[in-house]
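1. with the input below, show me the fold.
(chains A, B, C and D)
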2 protein chains.
Amino acid sequence: MTKPTSTEPRRALTLRDVSEASGVSEMTVSRVLRNRGDVSAATRERVLQASRALGYVPNKIAGALASQRVNLVGVIIPSMSNMVFPEVMTGISSVLDSTGLQPVVGVTNYLPDREEAVLYEMLSWRPSGVIIAGLEHTAAARAMMGQAGIPIVEIMDIDGQVIDSAVGISHRRAGRQMAEAIIASGYRRIAFMGTQMPNDFRAKKRLDGFEEALRRNGMALVDREFYDGGSALLKGREMTAAVLRRSPDIDFLYYSNDMIGAGGLLYCLDQGIDVPGKVGLAGFNGVELLDGLPRRLATMDACRLEIGQRAAQIIASRNQTTDLGAQVIELFPILQPGDTIRQF
Amino acid sequence: MTKPTSTEPRRALTLRDVSEASGVSEMTVSRVLRNRGDVSAATRERVLQASRALGYVPNKIAGALASQRVNLVGVIIPSMSNMVFPEVMTGISSVLDSTGLQPVVGVTNYLPDREEAVLYEMLSWRPSGVIIAGLEHTAAARAMMGQAGIPIVEIMDIDGQVIDSAVGISHRRAGRQMAEAIIASGYRRIAFMGTQMPNDFRAKKRLDGFEEALRRNGMALVDREFYDGGSALLKGREMTAAVLRRSPDIDFLYYSNDMIGAGGLLYCLDQGIDVPGKVGLAGFNGVELLDGLPRRLATMDACRLEIGQRAAQIIASRNQTTDLGAQVIELFPILQPGDTIRQF
DNA sequence: TCAGGCTCCGTTAGCGGTAACATAGCGCAA
DNA sequence: TTGCGCTATGTTACCGCTAACGGAGCCTGA
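-> Model (predicted):
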């Protein structure tokens, strides 16, 4: 099985092989394969035939070096496994697909040093642009992005200093809005549950905004609980159980994301708790999963699809004559009350 | 905002800039930055300082062309948003991280033509290896992989013809096993629910194996239902409702994946159906999500983490002296009965 | 004292394409 | 017939880096 088959070439194919097989110069082959410049129909056909027959695959490394152009866009995100970034990617791809640009993903696991390393690696391939989640980066990462000479779009968040362009929502405001809606519905004894991660700056900003709004209304969080790793749904159950045991008079549970919120909702329903009468719940993100729950969790959609699309549009335009220039785009999430907040 | 800042260089930095700034040859700078060859500690320090001060980022395109080596491994998967591939990626990364190799992901959305295009694009960057989901590919894709002269590992499935190496489970056998367990538990009127996708070959193989085992026991599926797009959890609810309405005497619901199975489970519990007494349920994949459900759904874990790890090990070893050679590794999924199959 | 073997660093020649320019061949109007 | 302009193709010079080799300077032991 390890022996090369008879069809396996001893040496990788190059333009020269195709040019010899079709009797034209390498340059002409190059023109045919890139659809660039004038080539007669007859020659084109001959070249394509030879290329296909040989199974030639162009070497983009050489091509990129010679042309100083790379059709890659680096996308740097904290995680792939939480339902939020796959949708951002969908948005990015939907726009990039029609431009010849191609996304390349790097994952940081919410670690700033890892983000820096991933960024360095990406920039070393000289991409046409970078889309990166968040506004918080190491000093070195900021410097690299500033120097890179390519469009940089920071996504998801706009509460902070932008390097070049940004597309996102204000998480602080989102937290405030949710708090105000909860208070307006008459809830008074509110608990918070979220991730332990010190580097999830957006979750932190939401909580900041949330608490600020509580304070303005003369209130404060009655209880809070953090988790770290494991199945979010299960953690949501466990934290909710712990909080309700510890503080039985709680009347609202605010979750930093929908997954743990869903776990909490399932727990409350299991326990026969009156939702939203006795206890209200809310999460954040507006993930599709919620549609299948027994009751629709209150949440705020984070505009993930549109964020991806807008970011990709900015990158794409900068590689064209229709350059949109650097810009900061704020999107506005919509509160979806679902069935877990009292309505009047 | 579109004006270049003062720190932005007019021209991209090259090794020459660093070499001039540190007073040594480009070759020496190259050696320092790659940690290769002998350089005195003093010189090394000087070069690193200059490099950092300038904010130099090496050009891997030029490096790869000159050295004929690329530290990239292409990973081609059908989807990123279904909980199964993120875990495979985790396995791949965990192994590759210590090797200097780096995964680059491409997504096909279960479309063979798209897979071919993604593969072509990847091979044009001359990666050190390719990990690709499934054994079914277009003729052109198979030819490309055969010619590429790099290690190719097909993952997830081993029921079919392997190009080079493979790591996976037998989905046909998995389907059979589940059917046998269900029958052994005394269920007799079984329905199936799954995706409509004609190109999800692994789901199809599971169903084939499942039906084959039923036939051998003189049985056949009583009902079946397929879905397409949308929230899997919600579709699971809807399909389950439809099936139970249409065939009220059903006593077992077999789902092609855990997500729709979870939706079905939630529906049954909502309806007050006795699970697993009156109706049993089972899914496939062993996703973490299930831990947070009110009841643990019966499932089979697909060895996703280990598949990723083993595949990465094969690629890594082929780039070393410890070459493992081409191989086909079969993994064996374990049936997790959970709480939705009657136990005796 | 000097051959031999280090350590450290420089020089040369590509890697496989593409931009930019050069040129051959042709049709056609004057 | 000449010359202009066009189309179709070839030639040349890199792109930024690294493999391979070369060689200067120094240390060592006989």
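
2. so the residue of the stretch 101-250 of chain A found nearest chain B is in which element?
-> Per Cβ to the nearest Cβ, A:L233 is where the stretch 101-250 of chain A lies closest to chain B, at 2.5 Å. Quick note: C-beta positions are derived from backbone N, CA and C, even for glycine. Taking DSSP states H and E as the definition, one finds A:L233 inside helix A:232-246.

3. surely A:R224 is in a helix?
-> No - going by DSSP: H, G, I helix; E, B strand; the rest coil, the assignment for A:R224 is strand, not a helix.

4. look up how far A:Q271 lies from it.
-> 20 Å (Cβ to Cβ, to the nearest Å).

5. try A:R126
-> On the measure of Cβ to Cβ, A:R126 and A:Q271 end up 56 Å apart.

6. any weak-confidence spans in chain A?
-> In the predicted model, chain A carries pLDDT under 70 at residues A:1-10, A:322-323.

7. picking that back up, return the distance of the very next helix or strand once past the helix holding A:L233 from the chain's centre.
-> Using DSSP H and E, the helix or strand that directly follows helix A:232-246 along the chain is strand A:252-255. With Cα atoms, centre = their mean, to the nearest Å as the basis, strand A:252-255 stands 25 Å off its chain's centre.

8. how about the CA coordinates for strand A:252-255, as PDB?
-> Provided in PDB are the C-alpha atoms of strand A:252-255 (Å, rounded to 0.1, in the frame of the first residue of the first chain):
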ATOM      1  CA  PHE A 252     -35.200  36.100  37.300                       C
ATOM      2  CA  LEU A 253     -32.200  34.100  35.800                       C
ATOM      3  CA  TYR A 254     -30.000  36.000  33.300                       C
ATOM      4  CA  TYR A 255     -27.600  33.800  31.300                       C
END
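
9. any idea which helix or strand carries the most centrally placed residue in chain A?
-> The centre of chain A sits closest to A:F85, judged by Cα atoms, centre = their mean, with a distance of 3.5 Å. Taking DSSP H and E as the definition, A:F85 sits inside helix A:84-96.

10. centre of the chain to that helix, how far?
-> For helix A:84-96, the distance to the chain centre is 7 Å (Cα atoms, centre = their mean).

11. hang on, the earlier thing: measure how buried the residue of the stretch 101-250 of chain A closest to chain B is and give me the count.
-> If you count neighbours by other Cβ atoms under 10 Å in any protein chain shown, A:L233 ends up with 25.

12. how is chain A partitioned into domains?
-> According to automatic domain parsing, chain A comprises the domains A:15-58, A:70-169+A:304-327, A:171-302.

13. from one end of the second one to the other, what's the distance?
-> Okay, so that is domain A:70-169+A:304-327. 23 Å (Cα to Cα, to the nearest Å).

14. swap in stretch A:21-35?
-> OK, stretch A:21-35 end separation, Cα to Cα: 19 Å.

15. quick revisit: I'd say the residue nearest to the centre of chain A and A:I77 touch.
-> Yes - A:F85 is in contact with A:I77 according to Cβ atoms under 8 Å; the separation is 4.6 Å.

16. list residues touching both of these two?
-> By the contact definition Cβ atoms under 8 Å, 6 or more residues apart in numbering or on different chains, A:F85 and A:I77 are jointly contacted by A:A133.

17. host element of A:R172?
-> Going by DSSP H and E, A:R172 is part of helix A:171-184.

18. mind listing what's buried in that helix?
-> A:171-183 (16 or more other Cβ atoms under 10 Å in any protein chain shown).

19. burial of the closest residue to DNA strand D within the stretch 151-300 of chain A, as a residue count?
-> Closest residue of the stretch 151-300 of chain A to DNA strand D, Cβ to the nearest atom of the strand: A:P151 (19.1 Å). By the measure other Cβ under 10 Å, the count of residues near A:P151 is 24.

20. my guess is it meets A:Q313, correct?
-> No - between A:P151 and A:Q313 there is no contact under Cβ under 8 Å: 10.8 Å.

21. tell me where the stretch 51-200 of chain A has helices.
-> A:60-67, A:84-96, A:112-123, A:139-147, A:171-184 (DSSP state H, counting those that start in this stretch).

22. generate TSV for those helices, with distance to B:G286 as supplementary columns.
-> Shown next, in TSV, are the helices of the stretch 51-200 of chain A (distance: least, Cβ to Cβ, whole Å):
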stretch	distance to B:G286
helix A:60-67	38
helix A:84-96	20
helix A:112-123	28
helix A:139-147	37
helix A:171-184	34
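
23. looking at these, spot the one closest to DNA strand C.
-> Here helix A:60-67 is closest among the helices of the stretch 51-200 of chain A (Cβ to the nearest atom of the strand), at 3.0 Å.

24. interface residues of the stretch 51-200 of chain A facing DNA strand D?
-> Within the stretch 51-200 of chain A, the positions adjacent to DNA strand D are A:A62, A:L65, A:A66, A:Q68 by Cβ under 7 Å from any atom of the strand.

25. pretty sure the second one is touching B:I61, no?
-> Looking back up the chat, that one is A:L65. Yes - applying Cβ under 8 Å, one finds A:L65 in contact with B:I61, separated by 5.0 Å.

26. rewinding a little: got the contact list for the residue of the stretch 101-250 of chain A closest to chain B?
-> Contacts of A:L233 by Cβ under 8 Å, 6+ apart are A:M259, A:I260, A:A262, A:G263, A:L266, B:E288, B:L289, B:D291, B:G292, B:L293.

27. then A:I307?
-> Here A:I307 is in contact with A:V88, A:G91, A:I155, A:M156, A:V167, A:G168, A:I169, A:L331 (Cβ under 8 Å, 6+ apart).

28. my guess is the last one contacts A:S170. True?
-> The reference is to A:L331. No - under the criterion of Cβ under 8 Å, A:L331 is not in contact with A:S170, lying 9.1 Å apart.

29. ok, back up a step: quick one: which of the contacts of A:L233 sit in helices?
-> Among the contacts of A:L233, the ones falling in helices (DSSP state H) are A:M259, A:I260, A:A262, A:G263, A:L266.

30. can you list the domains of chain A in CSV and add distance to DNA strand C?
-> As requested, those are exported to CSV (distance: least, Cβ to the nearest atom of the strand, whole Å):
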stretch, distance to DNA strand C
domain A:15-58, 3
domain A:70-169+A:304-327, 11
domain A:171-302, 39
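
31. out of the ones you listed, the one nearest B:R44 is which?
-> domain A:70-169+A:304-327 (19.0 Å; Cβ to Cβ).

32. in contact with the spatially closest residue to A:D249 that is not a sequence neighbour, which residues?
-> If the residues on either side of it in the chain are set aside, A:D249 comes closest to A:R189, at 5.5 Å by Cβ to Cβ, 6 or more residues apart in numbering or on different chains. Counting by Cβ under 8 Å, 6+ apart, A:R189 makes contact with A:V222, A:S247, A:D249, A:I250, A:D251, A:F252.

33. can you select the buried ones among those for me in ChimeraX?
-> Per 16+ other Cβ under 10 Å, the buried members of those correspond to this ChimeraX selection:
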select /A:222,250,251,252
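
34. pull the contacting residues for A:E116.
-> Counted by Cβ under 8 Å, 6+ apart, A:E116 has contacts A:H137, A:T138, A:A140, A:A141, A:M144.

35. near chain B too, which of these?
-> A:M144 (Cβ under 8 Å from any Cβ of the partner chain).

36. of the contacts of A:E116, buried ones?
-> A:H137, A:A140, A:A141, A:M144.

37. dump the residue contacts of the last one.
-> A:M144 makes contact with A:E116, A:L119, A:Y120, A:L123, B:G55, B:V57, according to Cβ under 8 Å, 6+ apart.

38. which one of those residues is nearest DNA strand D?
-> Of the contacts of A:M144, the one sitting nearest to DNA strand D (Cβ to the nearest atom of the strand) turns out to be B:V57, at 7.9 Å.

39. related to what we said a few turns ago, please point out which parts of the helix holding A:L233 sit buried.
-> Buried, per 16+ other Cβ under 10 Å, within helix A:232-246: A:A232, A:L233, A:L234, A:K235, A:G236, A:R237, A:E238, A:M239, A:T240, A:A241, A:V243, A:L244.
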